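> Provided below for reference: sequence and predicted model.
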Amino acid sequence: VKSFEYSGDYYKAIGDFLREEYHSYSFTRGTQSEVEFLIRRLELAPPSRLLDVGCGTGRHSLELARHGFKPVGIDISPGFIEVAQQKAQAENLPAEFRVADARHLEAEKLENFDAAICLCEGAFGIAGDDAAHSAILTGIQNSLKPGAPFILTAMNALWMARQQGLQVENFDAYSLTARQHDTIRNPQGEAREVEFYTTCFTYRELKWLLESTGFELEAAYGAMPDNFGEIPLTWDHPEIMVIARRV
Ligand SMILES: C[S@@+](CC[C@H](N)C(=O)[O-])C[C@H]1O[C@@H](n2cnc3c(N)ncnc32)[C@H](O)[C@@H]1O
């Protein structure tokens with residue numbers, strides 16, 4: 001079977017180029033309401049320690065820190081991590097950020113977290129292949145206390161396949177990976193042409209993957225940026241949100 005191949009660290013160069021320009025994407029604008037949902041739904045109380053995998057510029061972690069939590073955000077892009085660290089310092093927030101590869105979390109000695117989040121393709125869904133996606137979940141599982149919750153959002157394969165603008169040659173039906181060309185801009189206004197690869201999932205695949213990496217599935221919802229809630233999943237939702245717990 002010949003399916004799309006892409007490198008599981010391709011986003012590093014994109015993050016380093018975009019830096020704070022990442023916030024010009026409309027999907028980053030719902031951070032506050034998303035975080036309010038996470039706190040409510042997971043019944044989290046400060047000062048719990050939270051792991052934010054593929055944290056990008058740290059928007060969820062920074063907001064969680066504003067609510068009194070102690071997040072640790074990891075990301076493969078040094079440029080994004082620097083933006084997150086500068087913001088934490090400027091606001092004097094108890095959020096820690098470090099450069100790390102989510103496919104090798106065991107190297108980071110991240111342990112005893114009260115909860116973990118991996119949102120909006122935070123490494124999961126852009127990590128290259130099945131083994132890498134599975135390794136990310138195993139690493140997250142090992143970083144949690146037994147019984148601790150994990151919220152993951154992953155691109156909904158059914159939604160992606162129904163996108164009007166998506167041509168058949170840009171969607172690999174074996175790996176359920178979409179390829180999208182885009183022009184991105186850095187804070188200085190310079191442009192760069194890039195390919196985004198997004199591996200999509202069905203609910204059943206997520207359930208199997210999570211269960212095979214030591215999680216118990218608690219719930220699954222349909223999600224979209226700025227609209228997190230206990231919403232029944234349909235093919236109209238760009239993302240699938242799953243709530244799982246470390247066994
Ligand atoms: C679309 S952004 C999402 C960022 C953030 N979670 C948010 O909601 O804004 C995807 C992030 O995953 C990071 N990423 C991609 N591959 C990674 C890997 N192998 N390990 C760690 N982070 C990775 C990228 O650098 C980028 O910050």
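Happy to help now that I have it.
> just checking, residue 159 touches residue 235?
Yes - checked against C-beta atoms under 8 Å, the pair residue 159 and residue 235 is within contact range at 5.6 Å. C-beta: built from backbone N, CA, C; applies to glycine.
> of the two, who's got more company?
More crowded of residue 159 and residue 235, by other C-beta atoms under 10 Å: residue 159, with 19 against 12.
> for that one, which non-adjacent residue is spatially closest?
Excluding the flanking residues, the one nearest residue 159 by C-beta to C-beta, 6 or more residues apart in numbering is residue 238, at 5.1 Å.
> quick one: the helices in the chain, in order.
Along the chain, counting by DSSP state H, helices occupy 11-18, 31-42, 59-66, 78-91, 130-143, 157-161, 203-212.
> can you redo those helices as CSV with distance to residue 168?
Written out in CSV, the entries for the helices of the chain read as follows (distance: least, C-beta to C-beta, whole Å):
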stretch, distance to residue 168
helix 11-18, 25
helix 31-42, 33
helix 59-66, 34
helix 78-91, 33
helix 130-143, 22
helix 157-161, 10
helix 203-212, 21
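> the ligand: which of those helices is closest?
Among the helices of the chain, helix 11-18 comes nearest to the ligand, with 3.8 Å by C-beta to the nearest ligand atom.
> same for the closest one, what does it pack against?
Other elements packing on helix 11-18 under the criterion 3 or more C-beta pairs under 8 Å, 6 or more residues apart in numbering; DSSP states H and E are helix 78-91, strand 177-185, strand 191-199.
> what about the last one and the ligand, touching?
Pointing back at strand 191-199 there. No - using C-beta under 6 Å from any ligand atom, strand 191-199 stays clear of the ligand, coming no nearer than 8.8 Å.
> got the angle for that strand vs helix 130-143?
For strand 191-199 against helix 130-143, the angle by axes from the mean of the first three to the mean of the last three C-alpha atoms, to 10 degrees is 80 degrees.
> what parts of this protein come near the ligand?
Counting by C-beta under 6 Å from any ligand atom, the residues of the chain near the ligand are 8-9, 11-12, 15, 28, 54-56, 59, 75-77, 80, 101-103, 119-123, 126-127.
> just the ones in strands from the residues you listed, please.
With strands defined by DSSP state E, the entries of the residues of the chain next to the ligand inside them are residue 75.
> re earlier: just the helices and strands packed on helix 11-18: most buried one?
Ranked by average neighbour count under the criterion mean count of other C-beta atoms under 10 Å, these are headed by helix 78-91 at a mean of 18.
> counting neighbours, what do you get for the residue nearest to residue 159?
Considering only other C-beta under 10 Å, residue 238 is surrounded by 18 other residues.
> quick one: it from the ligand, how far?
Counting by C-beta to the nearest ligand atom, to the nearest Å, the separation of residue 238 from the ligand is 12 Å.
> equivalent analysis for residue 219, please.
In terms of C-beta to the nearest ligand atom, residue 219 sits 20 Å off from the ligand.
> that residue: what's it in contact with?
Residues counted as contacts of residue 219 (C-beta atoms under 8 Å, 6 or more residues apart in numbering) are 230, 242, 243.
> for ChimeraX, what selects the buried ones among those residues?
Selection of the buried residues among those in ChimeraX, burial being defined by 16 or more other C-beta atoms under 10 Å:
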select :242,243
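> out of the contacts of residue 219, who's nearest the ligand?
Distances from the ligand to the contacts of residue 219, taken by C-beta to the nearest ligand atom, are shortest for residue 242, at 15.3 Å.
> ok, what's across the strand from the closest one?
Beta bridges link residue 242 to residue 152, residue 220, judged by DSSP bridges.
> wait, what's in contact with it?
Applying C-beta under 8 Å, 6+ apart, we find residue 242 in contact with 151, 152, 153, 154, 203, 206, 207, 210, 217, 219, 220.
> and for residue 141?
When contacts are counted by C-beta under 8 Å, 6+ apart, residue 141 touches 150, 213, 214, 215, 246.
> bridging residues for the last one?
In this case it means residue 246. Using DSSP bridges, the beta-bridge partners of residue 246 come out as residue 215.
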